[in-house]
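**Q** Output the structure for:
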Amino acid sequence: MELASRLEALLTLAEELGIDVRTEPMGGEGGGMCQLRGSRVLFVDMSADRATRYDHTLAALASLPELDQRYVIPELRRDIDRQRAIATRDNKKT
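**A** Numbers count the residues shown, from 1 in each chain. Purely as a prediction, here's the structure:
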């Protein structure tokens, strides 16, 4: 599955989870999720290349426990699991 399709699937998943997805130019290195007025908002940096947008979106969503209760296409599930392993490893270092 191509990166563009995986990114689109991630963004669709975020919306299905009730996350407000906002695409904004943010200088190429931004993006991520935050809580605004009680709602989760995912910012996607349209100034960034597609790989960076995917990585930031994946990192933002991988920590969500509700993903474990949803069907996610196998390519995304592998990426989510890989991202979770990286986050766990990085947390152990600190």
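**Q** any idea where the helices of this structure begin and end?
**A** Using DSSP state H, the helices of the chain run over 3-16, 50-62, 74-93.
**Q** Buried residues of the last one, list them for me.
**A** The neighbour-count criterion (16 or more other Cβ atoms under 10 Å) identifies Leu76, Asp79, Ile80, Gln83 as the buried residues of helix 74-93. In short, each C-beta sits where N, CA and C put it, glycine included.
**Q** got a list of contacts for that helix?
**A** Contact with helix 74-93 is made by Met1, Arg6, Ala9, Leu10, Leu13, Leu58, Ala59, Leu61, Ala62, Ser63, Leu67, Val72, as judged by Cβ atoms under 8 Å, 6 or more residues apart in numbering.
**Q** Considering those residues, which is situated nearest to Met26?
**A** Nearest to Met26, judged by Cβ to Cβ, of those is Ala59 at 15.0 Å.
**Q** could you point out the longest strand in this protein?
**A** The residue-count maximum for a strand in the chain (DSSP state E) belongs to strand 39-45.
**Q** pLDDT weak spots in this protein?
**A** Applying pLDDT under 70 to the predicted model, the residue ranges of the chain that meet it are 94.
**Q** and Tyr42, what is it in contact with?
**A** Small correction: residue 42 is Leu, not Tyr. Listed by Cβ under 8 Å, 6+ apart, the contact set of Leu42 reads Leu11, Ala14, Ile19, Asp20, Val21, Arg22, Gly31, Gly32, Met33, Thr57, Ala60, Leu61.
**Q** Distance-wise, check the nearest residue to the fourth one once chain neighbours are set aside relative to Gly31.
**A** Meaning Asp20. Once flanking residues are discounted, Asp20 sits nearest to Val41: 4.7 Å by Cβ to Cβ, 6 or more residues apart in numbering. Applying Cβ to Cβ, to the nearest Å, the value for Val41 to Gly31 is 11 Å.
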